[in-house]
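S.K.: I'd like to go over a predicted model; first the sequence, then the structure.
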Amino acid sequence: MFTGIVEEVGYTAKARDGALVVRASTVLTGTQLGDSISVNGACLTVTQIDSTGFTVDVVPETLRRTNLGSLVAGSPINLERSLTFGGRVGGHLVQGHVDGVATLETSQPEGDALMARFAIPQELSRYVAEKGFIAVEGVSLTVIKAAADWFTVTLVPFTRQHTNLGTKEPGEQFNIEVDILAKYTERLIATRS
């Protein structure tokens, strides 16, 4: 489990068949082999670690559901270590199980913030509700508006400065995770029918 509060923006050192080598510093503290780290919102297992970063395996299912296959050397990536019991939860409870990708359509200034509109696959849009939560690239955000095939979120200056969301342009794809409670509720209702 994660909070969706990014601890550090790391960088892709190498993206090779089945593995991703990440350059990082903050998330290395206390991290051991086998630990989970959220990489752009995808929960991945640390398979190697050294003083400059770590390596994670990237399996075909992860590549099918995420944008990790498009990373190249130097790509900025959002990183967060998994929660520890007894710690503060500053965002939402995020699993790191990416449901799919959304495409940034527009990003408009709104005061000091940016209002970002994302196109989302219709099969996932039913889990997105106004004032609900969504994780975008592993960043916990509150949904401002939701429709059949899009949603909007506000990107405050702190989020843009401390995540990779501030470097993205319209047309780029983002990993998204919808609220797990909405998915379970739907399944429970469907099994009663």
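M.R.: It's in.
S.K.: May I see the buried residues of the lengthiest strand in the chain?
M.R.: Of all segments of type strand in the chain, defined using DSSP state E, the longest is strand 100-110. Residues 100, 101, 102, 103, 104, 107 are the ones in strand 100-110 that count as buried (16 or more other CB atoms under 10 Å). Every C-beta, even on glycine, is put in place using the N, C-alpha and C of the backbone.
S.K.: quick one: average pLDDT of it?
M.R.: The average pLDDT within strand 100-110 is 96.
S.K.: Save the buried residues of strand 100-110 as JSON lines, and put in distance to residue 46 too.
M.R.: Converted to JSON lines, the buried residues of strand 100-110 look like this (distance: CB to CB, whole Å):
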{"residue": "100", "distance to residue 46": "25"}
{"residue": "101", "distance to residue 46": "24"}
{"residue": "102", "distance to residue 46": "27"}
{"residue": "103", "distance to residue 46": "30"}
{"residue": "104", "distance to residue 46": "29"}
{"residue": "107", "distance to residue 46": "33"}
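S.K.: Please list all residues in contact with the residue nearest in space to the middle of the chain.
M.R.: The centroid of the chain falls nearest to residue 138 when counting by CA atoms, centre = their mean (2.1 Å). Counting by CB atoms under 8 Å, 6 or more residues apart in numbering, residue 138 touches 2, 4, 6, 38-42, 78-80, 94, 96, 175, 177.
S.K.: do residue 66 as well
M.R.: 40, 41, 42, 98, 101, 175.
S.K.: Going by distance to residue 12, which of these wins?
M.R.: residue 40 (9.9 Å; CB to CB).
S.K.: how many other residues sit next to the closest one?
M.R.: 28 (other CB atoms under 10 Å).
S.K.: just checking, it touches residue 70?
M.R.: No: using CB atoms under 8 Å, residue 40 is not in contact with residue 70; the gap is 10.3 Å.
S.K.: Tally up the residues packed near residue 115, please.
M.R.: 16.
S.K.: now do residue 112
M.R.: Residue 112 has 9 nearby residues by other CB under 10 Å.
S.K.: got a list of what it touches?
M.R.: Residues in contact with residue 112 (CB under 8 Å, 6+ apart) are 156, 157.
S.K.: ok, now residue 130?
M.R.: By CB under 8 Å, 6+ apart, the neighbours of residue 130 are 143, 144, 145, 146.
S.K.: what's the one helix or strand the first one maps to in contact with?
M.R.: Going back to what we said before, that points to residue 143. Element membership for residue 143, per DSSP states H and E: strand 139-146. With contacts defined as CB under 8 Å, 6+ apart, strand 139-146 is touched by 3-6, 41, 78, 91-92, 94, 115, 125, 128-135, 151-155, 159, 163, 165.
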